[in-house]
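# Kindly return the folded structure for what I paste below:
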Amino acid sequence: MTPPPDATAERRGGSLQRRLFLGALVFVTLALVVAGLAIGLVLHRFARGQIDARLDGALFAILADLGPGRSGLTLTRPHDGPPFDRDLSGWYWQVRTGDAVLRSASLAGFDLALPPIRETPPGRPRPADGTGPRGEALILRVLYRPGDARAPDTVLVASAPAATLHGPLREAGRTLAVALGLLGLCLLAGIALQVRLGLRPLRRLRDDLAAVRAGTQTRVPAGQPEEIRPLVVELNLLLDQNEANLERARAHVANLAHGLKTPLATLALTAERHAAPDLAPLVASMDRQVRHHLRRARAAALGGPARARADLRAHVDDLAGTLARLHAERGLAIDVEISAGIPVACDAQDLDEMLGNLIDNACRWARQRVRIRAERAGIQVEVRVEDDGLGLTPQQTAQVLQRGRRLDESMPGHGFGLPITLELAELYGGSLHLERSDLHGLCARLRLPA
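Predicted coordinates:
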């Protein structure tokens, strides 16, 4: 029997297709996340740059039109055009020189709370964050102009609402996430297709090996992709080596059979000449044992079911016809209900041995009818040989499968047929079970690899 696969080794091996797809999924996800962050950073810098440029333009325009007045400061022309004309909109500007303050109309008389001013190069605005009169977050640009002995320092501030930056960025981020998600799905679909197409030669190689094992072809085709061509070459070399070993094993079996046949025949003749009736059954038993073990050696040399093939219906028809003639005087009806074209992975001689034992046993014990059926059962073929005889009890079933045990000594035989059939079936990875038939006799269920 084939031992069950090691579960730990099976988990360690896993699926190559799943491993490739999961690896691609991880890398594609990381790439899309990094791309999303990078694009988001670029969009943020671009949008912030646009806002800063607009505020800087307003600051330099105010600075150019700033001059002394009766209250200390004045503008030569107004700067409350859009968007600085809407009350408390977040778009503000403010100029402070000493105690004199000029404000945009949008401030509605409120003052901007400025963060601490650090010394910056004159004439260059710097960024800052602050809050408006209603506590809203603002983006600030601060321009510092140092004073002199006649005038104090001047601080110019322009602001925009932070929502002007973050709102569009959120919208762009959602659109970007959808686009990257669709791109990721397309990439994964392409990778899945690529993995499937890339592994197709391995699936074809598996089918070729299955065909070699089933006996429909003798070698793996050499026309393979470059990456697996060395593996195919090694497999074909292994098949050639096994073929050579098979031929040597067959030769050894034939030599053994030839070497034992003559001594056994001589021993049987000697027993007959010397009138030794007790020796004849022993010689027959020895001959039966030798032939049995030679069959096992031949089946082992054939590699079990690996490369043997036999047509089940043809062999059953031959055996049924022969046994029907042998039992013609009893009027036995042997019904064969087997479809044509059901092959079994078994040597033809071993198949005849197993079927012959079962059908002959059914014919000897049947009253009027023997029925032989077969059907596919997964990767095996199940053959049922039934008769309408007396059948067996469970205890008798266990006894008849023991070598040399016979239930009725008056019937011809040596008690080796069913045990040999069981051993040959197990040698090919099959089985033999005896049970009650619906014909009220015995049903022998023989399973062999398809």
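# need the next SSE after the helix or strand of the chain with the lowest mean pLDDT, C-terminal direction.
Ranked by mean pLDDT, DSSP states H and E, the weakest helix or strand in the chain is helix 7-13, scoring a mean of 55. Where DSSP states H and E defines the elements, the next helix or strand beyond helix 7-13 is helix 16-64.
# by contact count, what packs against that following helix?
strand 92-97, strand 137-145, strand 154-161, helix 163-214 (3 or more Cβ pairs under 8 Å, 6 or more residues apart in numbering; DSSP states H and E). Heads up, the C-betas are built off the backbone N, CA and C, glycines and all.
# Give me the helices and strands touching the last one, please.
Other elements packing on helix 163-214 under the criterion 3+ Cβ pairs under 8 Å, 6+ apart are helix 16-64, strand 137-145, helix 229-273.
# What is the distance between that helix and the centre of its chain?
Between the centre of helix 163-214 and the centre of its chain there are 16 Å (Cα atoms, centre = their mean, to the nearest Å).
# Could you check the angle it makes with helix 229-273?
Relative orientation of helix 163-214 and helix 229-273, computed by axes from the mean of the first three to the mean of the last three Cα atoms, to 10 degrees: 30 degrees.
# Can I get the helices and strands packed on helix 163-214 in a markdown table including mean neighbour count and mean pLDDT?
A markdown table is the format used below for the helices and strands packed on helix 163-214 (neighbours: other Cβ atoms under 10 Å; pLDDT from 0 to 100):
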| stretch | mean neighbour count | mean pLDDT |
| --- | --- | --- |
| helix 16-64 | 14 | 90 |
| strand 137-145 | 20 | 88 |
| helix 229-273 | 13 | 75 |
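# Would you reformat the ones you listed as a markdown table and include distance to Arg96?
Shown next, in a markdown table, are the helices and strands packed on helix 163-214 (distance: least, Cβ to Cβ, whole Å):
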| stretch | distance to Arg96 |
| --- | --- |
| helix 16-64 | 12 |
| strand 137-145 | 11 |
| helix 229-273 | 82 |
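# Show me the one of those that comes nearest Glu386.
Nearest of the helices and strands packed on helix 163-214 to Glu386, taken as Cβ to Cβ: helix 229-273 at 34.4 Å.
# residues of stretch 337-345 that come out buried?
By 16 or more other Cβ atoms under 10 Å, the buried positions in stretch 337-345 come out as Ile338, Ile342, Pro343, Val344, Ala345.
# Secondary structure added to those, as CSV?
Listed next are the buried residues of stretch 337-345 as CSV, based on DSSP: H, G, I helix; E, B strand; the rest coil:
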residue, secondary structure
Ile338, coil
Ile342, coil
Pro343, strand
Val344, strand
Ala345, coil
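# which among those residues gets closest to Arg229?
Comparing these against Arg229 with Cβ to Cβ picks out Ala345 as the nearest, at 28.4 Å.
# Hmm, that closest one is touching Tyr428, no?
Yes. Here Ala345 reaches Tyr428: they are 7.1 Å apart, a contact under Cβ atoms under 8 Å.
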